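*Asks:* Got a predicted structure plus its sequence, pasted below:
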Amino acid sequence: MNGKRENRRKHRTRKNRRKDYERMLDLELPDETAFRRRIRRSIDRDGMDIAHDGRPIRARLWRYMQERERTDELSARACLHHVEKVIRSMQPSRPG
């Protein structure tokens, strides 16, 4: 019984942490340069980003856009616009 309770608590804290991260993205979205910097850093770190609590978290921008598309279509479009701009501006690094 105790293991099940701890497992539920772990999933709840993970879910709450994900929601906090998405709220942080919502607040940063209007500041274009900061948001693009965040996207670029997460791409450089193999999809990992830093959450508001200072711990690493997987940046699931596609999922974020899908969820926002249901509730706030303008935010989803803005996020997609920023992601496209960052990807277009990136250049492959030279080998060696």
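*Replies:* Ah, there it is.
*Asks:* And residue 90, its phi and psi?
*Replies:* Taking degrees, to the nearest 10, you get phi -80, psi 140 for the backbone angles of residue 90.
*Asks:* who's in contact with it?
*Replies:* 40, 43 (CB atoms under 8 Å, 6 or more residues apart in numbering). Glycine gets a C-beta too; all of them are placed from N, C-alpha and C.
*Asks:* how much space is there between it and residue 39?
*Replies:* 10 Å (CB to CB, to the nearest Å).
*Asks:* Please enumerate the shared neighbours of these two.
*Replies:* In contact with both residue 90 and residue 39: no residue, using CB under 8 Å, 6+ apart.
*Asks:* what stretches of this structure score poorly on pLDDT?
*Replies:* By pLDDT under 70, the low-scoring segments of the chain are 1-3, 96.
*Asks:* can you map out the strands along it?
*Replies:* 48-50, 56-58 (DSSP state E).
*Asks:* which neighbours does the last one have in its sheet, and in what orientation?
*Replies:* Counting by DSSP bridges, the strands paired with strand 56-58 are strand 48-50 (antiparallel).
*Asks:* show me what contacts the most centrally placed residue in the chain?
*Replies:* Of all residues in the chain, the one closest to the mean position by CA atoms, centre = their mean is residue 59, 3.5 Å from it. Listed by CB under 8 Å, 6+ apart, the contact set of residue 59 reads 38, 39, 42, 47, 48, 49.
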